[in-house]
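Participant: Quick one, what's the 3D model for this:
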Amino acid sequence: MNLMSLTQPILALGLPFILILAIGLTGYKFLSDSLKGDPSPVKLDRFEAGNIPTGEGRMWYPLQYYGYLLIYTSIEPILTILFLISPIVYATSQILAKFYLIIVATIAILYPTIYYCIKQVDTLYQWVFRREYNVLSS
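Facilitator: Numbering: from 1, shown residues only. Next up, the predicted model:
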């Protein structure tokens, strides 16, 4: 293969990549040198929602919406399967029976997860604890 035949692809693909990379690195170096500040403990500390951290960094909190998340992630595949097989109404009864079997099998597999989710949502301790904790901490 001739080197001249590779000149155009190298210039068309490689040169813009190298130029963009060089411009980006130059801009980063220029900005990092010109905007250098004095590091302070407050500046280097982690922030929660833009607020200066106070108190303990880690504490236990209840996952009160965890059950709803599990319910959504459990029922969503069932709804997706129902949506995908909605045109099956026009199919033969044999194909329809196969898809009904798929739906029943999916629901049977996901039933323990859905049952656990509903029990998780009904756990009132997780809903009340946050209020009691806020009252105790203030």
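Participant: can I see the domain layout of the chain?
Facilitator: Here the domain assignment for the chain is 3-36, 66-137, based on automatic domain parsing.
Participant: pLDDT below threshold where in this protein?
Facilitator: For the chain, the stretches flagged by pLDDT under 70 are 1-4, 42-64, 88-89, 91, 124-138.
Participant: Of all the helix elements in it, which one is longest?
Facilitator: Secondary structure of the chain per DSSP state H: the longest helix is helix 93-121.
Participant: The domains of the chain into TSV, with extra columns for mean neighbour count?
Facilitator: Heads up, the C-betas are built off the backbone N, CA and C, glycines and all. What follows is the domains of the chain, written out as TSV (neighbours: other C-beta atoms under 10 Å):
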stretch	mean neighbour count
domain 3-36	9
domain 66-137	12
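Participant: related to what we said a few turns ago, what helices or strands is the longest helix of the chain leaning on?
Facilitator: Secondary-structure packing of helix 93-121 (3 or more C-beta pairs under 8 Å, 6 or more residues apart in numbering; DSSP states H and E): helix 66-84.
Participant: Name the residues that touch the helix it packs on?
Facilitator: Identification of contacts with helix 66-84 by C-beta atoms under 8 Å, 6 or more residues apart in numbering yields 102-103, 106-107, 110, 113-114, 116-123.
Participant: how far away is residue 70 from residue 76?
Facilitator: With the distance defined as C-beta to C-beta, to the nearest Å, residue 70 ends up 11 Å from residue 76.
Participant: Please report the distance of residue 115 from residue 106.
Facilitator: Per C-beta to C-beta, residue 115 is found 15 Å from residue 106.
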